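Chemist: Predicted model follows, preceded by the sequence.
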Amino acid sequence: MIGIFIALLSGALMSIQGVFNTEVTKNTSMWVSTSWVQFSALVICLVTWFFTDRTSFGGILEIQPKYMLLGGVIGAFITYTVIKSMDTLGPAQAVMLIVVAQLLVAYLIELFGMFGVEKQPFLWRRVIGMAVCIGGIILFKWES
């Protein structure tokens with residue numbers, strides 16, 4: 001149950017963050033806004049680490065495969081693409097497309113067992129669920 005609550009909170013926070021970042025971009029620039037997001041996240045992470053964790057950063061050097069360390073790079077482009085899509089499409093439509101893309105890519109990662117994730121079997125009900133989500137986007141966007 002806690003996992004469901006955390007996932008819902010994550011989705012809500014991502015939507016709010018996207019709106020905030022889009023507004024900051026209107027008064028600065030895309031890369032200034034993105035830099036601020038990443039920098040402020042770094043500060044919060046370091047402060048939280050200092051008071052709660054203190055695990056050595058040396059473990060980072062032992063991560064294998066090394067491409068797993070690209071999460072921050074990907075995060076910068078996530079921030080960029082969320083801001084751009086919200087500015088172009090509006091928050092609701094952008095979030096719907098973002099969530100469907102996340103769902104599709106996550107399912108493919110599980111289906112093919114990519115990046116060390118345990119391989120999962122193909123299930124038609126998941127494909128149908130994805131189709132229903134895409135149908136929801138079409139219905140949401142439908143103009144009469």
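Modeler: That came through fine.

Chemist: The spatially most central residue of the chain: what's it in contact with?
Modeler: Centroid check for the chain by Cα atoms, centre = their mean gives residue 78 as the closest residue, at 6.5 Å. With contact set as Cβ atoms under 8 Å, 6 or more residues apart in numbering, residue 78 has no partners. The way it works is simple: take the backbone N, C-alpha and C, and place the C-beta from them, glycine included.

Chemist: which residues in the chain form helices?
Modeler: 2-27, 30-52, 71-89, 91-112, 124-141 (DSSP state H).

Chemist: what about residue 37, neighbour count?
Modeler: Number of residues near residue 37 (other Cβ atoms under 10 Å) recorded here: 22.

Chemist: and the nearest residue to it once chain neighbours are set aside, what pLDDT?
Modeler: Distance criterion Cβ to Cβ, 6 or more residues apart in numbering; nearest residue to residue 37, sequence neighbours excluded, is residue 79 at 5.0 Å. pLDDT recorded at residue 79 is 94.

Chemist: hmm, back to that, residue 59: which of the helices of the chain is closest?
Modeler: Each of the helices of the chain has some distance to residue 59 by Cβ to Cβ; the shortest is helix 30-52, at 12.5 Å.

Chemist: tell me what the closest one is packed against?
Modeler: helix 2-27, helix 71-89 (3 or more Cβ pairs under 8 Å, 6 or more residues apart in numbering; DSSP states H and E).

Chemist: my guess is residue 92 meets residue 141, correct?
Modeler: No. Between residue 92 and residue 141 there is no contact, the gap being 9.8 Å when judged by Cβ atoms under 8 Å.

Chemist: From residue 95, how far out is the residue nearest to the centre of the chain?
Modeler: Plainly put, residue 78 is 13 Å away from residue 95 if you go by Cβ to Cβ, to the nearest Å.
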